[in-house]
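Asker: got a predicted structure here, sequence first:
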Amino acid sequence: MTPDQRTAYIDRLPKAELHLHIEGSLEPEMLFALAQRNHVDIPFASVEDIRNAYNFSNLQDFLDIYYQGMAVLLKAQDFYDLTWAYLERAHDDHVRHVEIFFDPQGHTERGVPFADVITGISDALADGEKQWGITSRLILCFLRHLDEAAAQATLDEALPYLDRIAGVGLDSSEMGHPPSKFANVFARAQLLGLKLVAHAGEEGPPEYVHEALDVLHVDRIDHGNRAMEDSALVTRLAGEGMTLTVCPLSNLKLCVIGDIADSPVKQMLDSGLKATVNSDDPAYFGGYVNANFHAIASALDLSREQLRTLARNSFTGSFLPPDQIAHLLAEIDHYDAHFAG
Ligand SMILES: Nc1ncnc2[nH]cnc12
Ligand SMILES: [Zn+2]
């Protein structure tokens, strides 16, 4: 395939996005507009000012500004508008299914009712399915810089809404907050029938990936970059068919990698790992899912077969039922068979 053909192939390839923080899709324009609509003071005079602040040297640098940005989200309508805007972009990128993280503790600690957060997001997801046929799952993330009791209280608040929540995850500052800190709340979530995921090995050591598997019993690993440092762990992850939700542009912006060519995606595929490509916080990291595909496809010279594998992994690694996965895999095959460049 020529580079132009590869770009065209990615653009319309049916895919799922499995690692997307809905608050990280808050574009500077919407942040600015919501600040005005809700009369929230922000330390930025213009959209340009906001964009200029998006330079990070590590995860914590980003998180500081990410939590600051959330302050403009106050009403159910704000969460609806945010989610709808993301779905419009996802639709443009031929995303057929999304599994979205949300950070309720970032909102309830500011006095926003849990009900407003989940209602706004889930109403938009339902409307997105009606409008475009994009299916979805919602994953409640616990903030790992807070304690386990706070996570348990958040799970308590979620109980009336479990019909809208597919799973729980673990995000925020990784270093110093190992997965084992949340062993009890994850065990409780599992008993409630929820799926389990955790950010691990983004900045944290391979040991945190081991803990996510052995202590939390996760169904997926979010990021997982540093698992590549531990060959026995790589063999294990490959053997278990564990899905890794890798985020190339995020890794670059947060200095997890020094160059996009250092993205581990190709090495993961070559090692038999079930890697997927995702955007993480696209408003902050410079691109939605197709931009992430484009960036690594050229930097790593990915083949058509590898791109197709990444798209297949996004569906087989999802929490959809087998019949829907089979249907989406058939969509990929149909697309691939008819792609003329
Ligand atoms: N990449 C990331 N890592 C940890 N926590 C996050 N919250 C939002 N994006 C995150
Ligand atoms: Zn993330």
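Answerer: That came through fine. Ligands and ions are numbered 1, 2, ... in the order given.
Asker: so which residues on the protein come close to ligand 1?
Answerer: Within the chain, the positions near ligand 1 by Cβ under 6 Å from any ligand atom are 21, 24, 59, 66, 171-172, 199, 202, 250, 280-281. No exception for glycine: its C-beta is placed from N, CA and C like everyone else's.
Asker: which residues of this structure fall in strands?
Answerer: Secondary structure of the chain, counting by DSSP state E: strands at 15-21, 95-102, 135-143, 167-171, 195-200, 220-223, 243-246, 274-277.
Asker: export those strands to a markdown table and tack on mean neighbour count and mean pLDDT?
Answerer: Shown next, in a markdown table, are the strands of the chain (neighbours: other Cβ atoms under 10 Å; pLDDT from 0 to 100):
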| stretch | mean neighbour count | mean pLDDT |
| --- | --- | --- |
| strand 15-21 | 28 | 99 |
| strand 95-102 | 25 | 98 |
| strand 135-143 | 23 | 98 |
| strand 167-171 | 26 | 98 |
| strand 195-200 | 26 | 98 |
| strand 220-223 | 26 | 98 |
| strand 243-246 | 26 | 98 |
| strand 274-277 | 26 | 98 |
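Asker: coming back round to it: buried subset of the residues of the chain next to ligand 1?
Answerer: Buried residues within the residues of the chain next to ligand 1, defined by neighbour count using 16 or more other Cβ atoms under 10 Å: 21, 24, 59, 66, 171-172, 199, 202, 250, 280-281.
Asker: of those residues, which is the nearest to residue 39?
Answerer: residue 66 (21.5 Å; Cβ to Cβ).
Asker: check contacts around that closest one.
Answerer: 23-24, 281, 284 (Cβ atoms under 8 Å, 6 or more residues apart in numbering).
Asker: next, count neighbours for the closest residue to residue 204 other than its chain neighbours.
Answerer: Spatial nearest neighbour of residue 204, excluding adjacent residues (Cβ to Cβ, 6 or more residues apart in numbering): residue 174 at 4.2 Å. Here the number of neighbours of residue 174 (other Cβ atoms under 10 Å) works out to 25.
Asker: same check on residue 147?
Answerer: 14.
Asker: just the pLDDT at it, thanks.
Answerer: The model reports residue 147 with a pLDDT of 98.
Asker: distance of residue 256 relative to residue 264?
Answerer: As for residue 256, its distance to residue 264 is 10 Å (criterion: Cβ to Cβ, to the nearest Å).
Asker: what about whatever residue of the stretch 151-300 of the chain ends up closest to ligand 1, distance to residue 69?
Answerer: Among the residues of the stretch 151-300 of the chain, residue 171 lies closest to ligand 1, at 3.5 Å counting by Cβ to the nearest ligand atom. The gap separating residue 171 from residue 69 is 15 Å, by Cβ to Cβ.
Asker: cool, residue 323 as well?
Answerer: Applying Cβ to Cβ, the value for residue 323 to residue 69 is 39 Å.
Asker: okay, the two: which has more neighbours?
Answerer: Each of residue 323 and residue 69 has its neighbours counted (other Cβ under 10 Å); residue 69 has more, 27 against 7.
Asker: for that one, give me the pLDDT.
Answerer: Note for residue 69: predicted pLDDT of 95.
Asker: I figured it hits residue 26, correct?
Answerer: Yes. Under the criterion of Cβ atoms under 8 Å, residue 69 makes contact with residue 26 at 5.5 Å.
Asker: number of nearby residues for the closest residue to residue 23 other than its chain neighbours?
Answerer: Nearest residue to residue 23 in three dimensions, chain neighbours excluded: residue 70, at 5.3 Å (Cβ to Cβ, 6+ apart). Neighbour count for residue 70, taken as other Cβ under 10 Å: 19.
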